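Trainee: Sequence plus the predicted model coming up.
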Amino acid sequence: MGSQEHTLTRLDGSPIRALVVDDDPMLSEVLAMALSAEGWEPHRVGDGQAALAAVRDLRPDVVVLDVMMPGIDGFEVVRRLRASGEDVPVLFLTAKDDVADRIAGLTSGGDDYVTKPFSVEEVVVRLRGMVRRHVRHVAEESSVLVVGDLVLDEDTYEVTRAGAPVELTATEFSLLRYLMENQRKVLSKAQILDAVWQYDVGGRSSVVELYISYLRRKIDALGPPMIHTLRGVGYSIRAADE
C-alpha cells in the first residue's frame, strides 16, 4: 500500500508526522501500522488533552481524531486548536453518521470526516490528499521550493535532497532556484541567461551548459536524475518519479 507514496514527505524531506487520537488502542494501532507502511511517522495518544499537548510538542502534519472520547471530545479539541491559530489538517473518525454531526465536525474546524466502521485504505487515501494540499499550501506561503525530494530554502540558502545537504555556489543556487520555480517547463538557454545572469555574457550559451553540468554532479549524484536536457530546446527539472 505504501510503495507508491513514499515520495510524500515534509518540506525538509523527513517523514510525514501523523497523530492518531483514539481511546481504542487496537484501532489506533491498526491505523498507525498502515501509516508506517506509507513511510510516515505515526504517533498515538488516547484522549483529547493528550492530543492538544501532542500537537504542540510534535508539530504533526495531519491528525486523525476520534470524536467520542472521555473528557474533551474531538470537536472541542479542534475548536481549541483553531482558536490557538493551529491549522494542522484534521480527519474526524466517528460512529455518528447523521448530517447534523457531519456539519458539526466540519464547522468546528475539521477538514474531513469518516464514519466507523471504515476501510483503513480509505482513511489513508483521504489523509494523503489532505497532506498534499497542506504541504503545497505551506510551500506557497513560505520561501521554500520543493521538487520531489529536492528542497530549496530561499531564506536560509540551504538545499537538500532526500534530507542530504547540497553545497552550492551563489550562481548554482540561482540557477537551481530558477529551474525549480519553473519545474517541468523546458527553459531555453536564452531564458536561463536572462533570468540567472541578468547581464551580457556575450551570448555564450556554454556558460549555461557548464553550470547545468555542475548542478547535475551535485543534485543527480544523490539519486535518480532530475535535471533533463531536451536537445535543441533547453533544460528542465522534475521529480525523479515523473
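Mentor: Noted; the coordinates are in hand.

Trainee: Could I get the full set of helices for the chain?
Mentor: 25-37, 48-58, 74-83, 99-107, 120-141, 170-181, 189-192, 206-219 (DSSP state H).

Trainee: lowest average confidence, helix or strand, in this structure?
Mentor: When each helix and strand of the chain is scored by mean pLDDT, DSSP states H and E, helix 99-107 comes last, with a mean of 59.

Trainee: list the contacts for the nearest residue to Ala164 once chain neighbours are set aside?
Mentor: Sequence neighbours aside, Leu222 is the residue nearest to Ala164 in space, at 5.6 Å (criterion: Cβ to Cβ, 6 or more residues apart in numbering). Yep, even glycine has a C-beta here, placed from its N, CA and C like the rest. Counting by Cβ atoms under 8 Å, 6 or more residues apart in numbering, Leu222 makes contact with Arg161, Ala162, Ala164, Val166.

Trainee: So what sits opposite the first one in the bridge?
Mentor: Pointing back at Arg161 there. Leu150, Ala164 (DSSP bridges).

Trainee: For Trp197, see how far away it is.
Mentor: For Arg161, the distance to Trp197 (Cβ to Cβ, to the nearest Å) stands at 24 Å.

Trainee: Which residue of those two possesses the greater neighbour count?
Mentor: Neighbours per residue (other Cβ atoms under 10 Å) separate Arg161 from Trp197, with Arg161 holding more: 22 against 16.

Trainee: If I look at the more buried one, what pLDDT would I see?
Mentor: As summarised for this prediction, Arg161 has a pLDDT of 93.

Trainee: Please apply the same query to Asp155.
Mentor: As summarised for this prediction, Asp155 has a pLDDT of 82.

Trainee: correct me, but it touches Arg177?
Mentor: No: using Cβ atoms under 8 Å, Asp155 makes no contact with Arg177, being 11.9 Å away.

Trainee: who's more crowded, these two?
Mentor: Taking neighbours as other Cβ under 10 Å, Asp155 and Arg177 compare with Arg177 leading, 18 against 8.

Trainee: what's the closest non-adjacent residue to the more buried one?
Mentor: That would be Leu152: by Cβ to Cβ, 6+ apart, it lies 6.0 Å from Arg177.

Trainee: for Glu181, same thing?
Mentor: With sequence-adjacent residues excluded and distances taken as Cβ to Cβ, 6+ apart, Glu181 is closest to Leu145, at 6.5 Å.

Trainee: for the one you found, which residues make a bridge with it?
Mentor: Using DSSP bridges, the beta-bridge partners of Leu145 come out as Leu152.

Trainee: so for stretch 212-220, what's the average pLDDT?
Mentor: The average pLDDT within stretch 212-220 is 94.
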